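Participant: give the three-dimensional model of this entry:
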Amino acid sequence: MDEHPVIAITLGDPAGVGPEIIAKALAGDEVWALCRPIVVGDAGLLADAIALIAAPLTLHPVASVDEARFDPSRPDVLDLRQVDLSDLKRSTVSSRAGQAAAAYIETAVELALVDRVAAIVTAPINKAAFSAAGIPYIGHTEMLAALIGVGRVTTMLATTDLRVVHVTRHLPLHAVAESITCERVLETIRLTDEGLRSMGMPAPRIAVAALNPHGGDGGLVGREEIEQIGPAVDRAVAEGIDAQGPIPADSVFFRAIRGEFDAVVAMYHDQGHIPIKTHGFERSVTVTLGLPIVRTSVDHGTAFDIAWQGVASEESLLEAIRLASQMVAHRASLSQAP
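Facilitator: Modelled structure (predicted):
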């Protein structure tokens with residue numbers, strides 16, 4: 001009996017690079033050594049992507065996970081038939097593509113919640129396409145939280161030697177400072193600690209970045225470190241979490257890469273994204289923390305500028321599948337422990 005976990009891979013926005021990076025991943029050997037993949041999307045769309053990259057694959061469309069064969073030469077795709085290929089405008093924002101991408105996610109979540117798949121790995125969606133389709137979520141994290149009915153969620157970005165979790169994500173800069181509260185920072189530290197433990201780290205070391213230059217310089221250039229971030233770190237330490245900070249953002253990421261910390265809690269989107277993508281753009285992935293299911297994703301967008309040209313790299317997708325497989329294995333080991 002094959003013990004590899006069944007992992008659902010959502011196709012992402014049909015007009016973007018999702019179909020071709022999934023086709024490239026399925027054409028290689030590594031995915032099949034890690035898991036039993038089933039693509040959640042449109043068979044016709046994935047077939048076009050396979051033809052685009054000239055991969056020696058024939059699809060096996062299925063109506064349920066029970067019909068999957070997990071044959072590397074005939075990858076399974078749960079065919080939701082959301083897209084009219086003759087009408088799809090590729091490399092372009094459209095409401096129809098947004099609706100299709102949302103349907104893929106909804107189906108994958110349903111499968112994960114009833115244990116028909118062990119994890120979800122997502123290809124990129126397009127925020128503008130979601131908006132055009134009237135879908136009230138700015139990204140995967142918010143949609144997953146709503147579908148599953150959980151409130152304690154955040155996103156971890158991970159690449160070689162560096163992991164970052166954000167206190168705030170999709171906010172304009174002028175709104176960030178007022179959103180940095182002691183409770184919000186503390187909750188992010190807790191989620192980071194739980195997330196690292198779920199990845200098999202028994203004693204995570206967490207650094208908490210400052211918001212202001214030079215860590216606020218004792219209040220001269222901002223008081224968030226004194227009034228919000230520092231007290232959150234103190235409370236986390238009192239709970240038994242190995243947290244340090246606030247540490248000036250111009251040094252904390254270097255220290256984490258050097259091995260002093262297992263993750264950095266960043267205060268806002270670009271504070272965390274810039275070091276991650278500078279350090280390992282093609283290999284970075286995202287993980288949603290706080291969910292009862294395992295969900296990882298590529299850490300890039302739909303890339304309409306290169307989509308459907310056969311040139312997009314599948315490396316981030318492979319990293320996401322590797323991490324999902326590791327997290328599933330760790331959860332299984334915990335459930336089997338006496």
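
Participant: now do the strands in the stretch 1-150 of the chain.
Facilitator: Assigned by DSSP state E, counting those that start in this stretch, the strands in the stretch 1-150 of the chain fall at 6-10, 36-41, 60-62, 76-79, 119-122.

Participant: which other residues reach the last one?
Facilitator: Okay, so that is strand 119-122. 5, 7-10, 12, 35, 105, 108-109, 112, 140, 293-298, 317, 320-321, 324-325, 327-328 (C-beta atoms under 8 Å, 6 or more residues apart in numbering). Heads up, the C-betas are built off the backbone N, CA and C, glycines and all.

Participant: also the third one?
Facilitator: Judged by C-beta under 8 Å, 6+ apart, the contacts made with strand 60-62 from elsewhere in the structure are 38, 43, 68-69, 71, 74-79.

Participant: can we see that at 6 Å?
Facilitator: Contact with strand 60-62 is made by 43, 68-69, 74, 76-79, as judged by C-beta atoms under 6 Å, 6 or more residues apart in numbering.

Participant: in the sheet, which strands lie alongside it, parallel or antiparallel?
Facilitator: Strand 60-62 pairs in its sheet with strand 76-79 (parallel), by DSSP bridges.

Participant: which among the contacts of strand 60-62 end up buried?
Facilitator: Among the contacts of strand 60-62, those classed as buried by 16 or more other C-beta atoms under 10 Å are 43, 68, 76-79.

Participant: coming back round to it: mind putting the strands of the stretch 1-150 of the chain into JSON lines with mean pLDDT and distance to residue 267?
Facilitator: Below are the strands of the stretch 1-150 of the chain laid out as JSON lines (pLDDT from 0 to 100; distance: least, C-beta to C-beta, whole Å):
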{"stretch": "strand 6-10", "mean pLDDT": "98", "distance to residue 267": "30"}
{"stretch": "strand 36-41", "mean pLDDT": "98", "distance to residue 267": "34"}
{"stretch": "strand 60-62", "mean pLDDT": "97", "distance to residue 267": "44"}
{"stretch": "strand 76-79", "mean pLDDT": "98", "distance to residue 267": "39"}
{"stretch": "strand 119-122", "mean pLDDT": "98", "distance to residue 267": "25"}
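
Participant: make a markdown table out of those strands and add distance to residue 90.
Facilitator: Listed next are the strands of the stretch 1-150 of the chain as a markdown table, based on distance: least, C-beta to C-beta, whole Å:
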| stretch | distance to residue 90 |
| --- | --- |
| strand 6-10 | 18 |
| strand 36-41 | 15 |
| strand 60-62 | 21 |
| strand 76-79 | 18 |
| strand 119-122 | 19 |
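
Participant: out of those strands, which gets nearest to residue 30?
Facilitator: Each of the strands of the stretch 1-150 of the chain has some distance to residue 30 by C-beta to C-beta; the shortest is strand 36-41, at 10.9 Å.

Participant: contacts for that closest one next, please.
Facilitator: Here strand 36-41 has contacts from 4, 6-11, 31, 46, 68, 70, 76-78, 104, 107-108, using C-beta under 6 Å, 6+ apart.

Participant: what's the separation between residue 82 and residue 40?
Facilitator: Going from residue 82 to residue 40 by C-beta to C-beta, to the nearest Å gives 10 Å.

Participant: of the two, who's got more company?
Facilitator: Neighbour count, other C-beta atoms under 10 Å: between residue 82 and residue 40, residue 40 has more, with 28 against 19.

Participant: tell me what the more buried one is bridged to.
Facilitator: residue 10, residue 78.

Participant: for residue 79, see how far away it is.
Facilitator: In this view, residue 40 and residue 79 are 9 Å apart by C-beta to C-beta.

Participant: list the helices and strands the lengthiest helix in the chain packs on?
Facilitator: Ranked by residue count and defined by DSSP state H, the top helix of the chain is helix 315-336. Secondary-structure packing of helix 315-336 (3 or more C-beta pairs under 6 Å, 6 or more residues apart in numbering; DSSP states H and E): helix 18-27, helix 30-34, strand 119-122, strand 285-289, strand 294-298.

Participant: partners of the fourth one, with directions?
Facilitator: Here strand 285-289 has these sheet partners by DSSP bridges: strand 154-159 (antiparallel), strand 294-298 (antiparallel).

Participant: in that strand, which residues are buried?
Facilitator: Neighbour-count burial for strand 285-289 flags 285-289 (criterion: 16+ other C-beta under 10 Å).

Participant: CSV for those, including distance to residue 303 and pLDDT?
Facilitator: What follows is those, written out as CSV (distance: C-beta to C-beta, whole Å; pLDDT from 0 to 100):
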residue, distance to residue 303, pLDDT
285, 16, 93
286, 16, 93
287, 21, 94
288, 21, 93
289, 25, 92
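
Participant: so where do the helices sit in the chain?
Facilitator: For the chain, the helices defined by DSSP H occupy 18-27, 30-34, 43-53, 95-113, 127-132, 140-148, 176-179, 182-198, 224, 230-238, 249-257, 269-280, 315-336.

Participant: please name whichever of these is nearest to residue 170.
Facilitator: Nearest of those (C-beta to C-beta): helix 269-280, 6.5 Å.

Participant: just the residues contacting the closest one, thanks.
Facilitator: Residues contacting helix 269-280 (C-beta under 6 Å, 6+ apart): 157, 159-160, 162, 164, 166, 169, 249, 253, 266, 284.
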